[in-house]
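1. Here is a sequence together with a model predicted from it:
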Amino acid sequence: MSFDLSLIAESLPKMLMGIGLTFQLLVLSAILGLMLAIVIMLMRISGKWYLSWPAQVYIYVFRGTPILVQIFIVYYGFPQLDFIRESFLWPIFRDPFGCAIVALTLNTGAYVSEILRGGVLGVDRGVLEAGEALGLSKSQRFIYLTTPIASRLALPAYGNDIISLLKSTALASTITLADMTGIARTIVAQTYAPYEIFISLAIVYMILTFFLQRLLGRIERYLGRYTVREG
């Protein structure tokens with residue numbers, strides 16, 4: 001099988017024109033997803049069934065269905081609802097970019113909430129008991145003891161979720177967004193050369209993933225700089 005290097009050289013700059021949109025999808029959905037995840041996590045650990053039960057249902061639904069299906073439901077389904085078309089939400093759902101952000105946020109929020117909950121549950125009970133002995137209130141123990149330790153424990157898994165979210169942004173091309181994958185699909189339709197184009201796209205994502213992993217690794221080492229290492 002021949003490999004057209006000139007086509008790759010010509011196509012790469014075009015695909016990279018969509019990198020800005022890819023990063024917009026990643027950053028916005030990551031920030032909004034983290035905010036949503038914190039709320040869902042607090043509902044899960046509240047100990048109140050009327051808060052915990054809805055949170056569990058939400059997590060089950062969005063972790064139990066494919067992200068592509070969720071994107072299609074948000075993009076094709078929500079705009080058909082009259083109460084959305086007549087509400088302040090309509091500017092969001094009438095735009096493919098808004099629909100992609102909503103779907104990615106809801107999906108990553110479900111996963112990250114469980115990652116954060118795992119971090120909270122992983123905090124040594126002795127630390128909390130020591131805080132209680134020092135006279136810290138429950139909220140103070142959560143803010144000053146649980147949150148820093150849980151954040152450090154959850155960071156490796158959270159980093160993996162961010163990388164998965166980067167790759168999930170490629171699915172936004174299925175609802176007409178011209179991110180890197182969307183541009184690549186257009187080039188393939190014009191050139192009938194899927195092999196060269198999609199391999200080139202895969203390499204671009206691998207490079208982005210590499211730098212993202214390095215960045216997350218630096219953050220993890222910074223947050224763990226006071227951690228005592230045995231051996």
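-> The structure has been received and is ready for your questions. Numbers count the residues shown, from 1 in each chain.

2. what's the spacing between Leu177 and Tyr75?
-> Computed as CB to CB, to the nearest Å, the Leu177 to Tyr75 distance reads 10 Å. No exception for glycine: its C-beta is placed from N, CA and C like everyone else's.

3. Repeat that for Leu128.
-> For Leu128 relative to Tyr75 (CB to CB), the value is 44 Å.

4. So for those two, which sits in the more crowded spot?
-> Tyr75 (22 against 17; other CB atoms under 10 Å).

5. Now whichever strand or helix holds Ala189: buried residues?
-> Assigned by DSSP states H and E, Ala189 belongs to helix 180-191. For helix 180-191, the neighbour count (16 or more other CB atoms under 10 Å) marks Met180, Thr181, Gly182, Ile183, Ala184, Arg185, Thr186, Ile187, Val188 as buried.

6. now these as TSV including distance to Lys138 and pLDDT?
-> Conversion of those to TSV gives the following (distance: CB to CB, whole Å; pLDDT from 0 to 100):
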residue	distance to Lys138	pLDDT
Met180	47	92
Thr181	47	93
Gly182	48	92
Ile183	51	92
Ala184	52	92
Arg185	52	91
Thr186	55	91
Ile187	57	91
Val188	57	90
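
7. for this structure, which spans come out with low pLDDT?
-> Counting by pLDDT under 70, the chain contains low-confidence residues at 1-3, 225-231.

8. need the helices for it, in chain order.
-> Listed in chain order, the helices of the chain (DSSP state H) span 5-16, 19-44, 49-64, 67-72, 82-85, 90-93, 96-121, 125-133, 138-141, 147-168, 180-191, 194-223.

9. Buried deepest among those helices, which one?
-> Highest mean neighbour count of the helices of the chain: helix 96-121, a mean of 21 (counted as mean count of other CB atoms under 10 Å).

10. From Thr22, how far out is Ile183?
-> Remark: distance between Ile183 and Thr22 (CB to CB) = 10 Å.

11. one step back: let me have the buried residues of helix 180-191 in a markdown table, extended by distance to Thr209.
-> Converted to a markdown table, the buried residues of helix 180-191 look like this (distance: CB to CB, whole Å):
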| residue | distance to Thr209 |
| --- | --- |
| Met180 | 13 |
| Thr181 | 14 |
| Gly182 | 19 |
| Ile183 | 19 |
| Ala184 | 16 |
| Arg185 | 20 |
| Thr186 | 23 |
| Ile187 | 22 |
| Val188 | 22 |
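
12. Show residues contacting the helix holding Ala189.
-> 7, 11, 14-19, 21-22, 170-173, 176, 178, 193-194, 197-198, 200-201, 204-205 (CB atoms under 8 Å, 6 or more residues apart in numbering).

13. same question, stretch 210-224
-> Stretch 210-224 is contacted by residues Ser151, Arg152, Leu155, Pro156, Gly159, Ile162, Ile163, Leu166 when judged by CB under 8 Å, 6+ apart.

14. tell me the contacts of the fifth one?
-> Under the criterion of CB under 8 Å, 6+ apart, the neighbours of Gly159 are Gln213, Leu216, Gly217, Ile219, Glu220.

15. doesn't Gly109 make contact with Ser29?
-> No - assessed by CB atoms under 8 Å, Ser29 is found out of contact with Gly109, at 9.0 Å.

16. Quick check: the two most widely separated of the buried residues of helix 180-191?
-> Met180 and Val188 (12.6 Å; CB to CB).

17. how about Leu81, phi and psi?
-> Torsion angles at Leu81 (phi, psi; degrees, to the nearest 10) stand at phi -80, psi 130.
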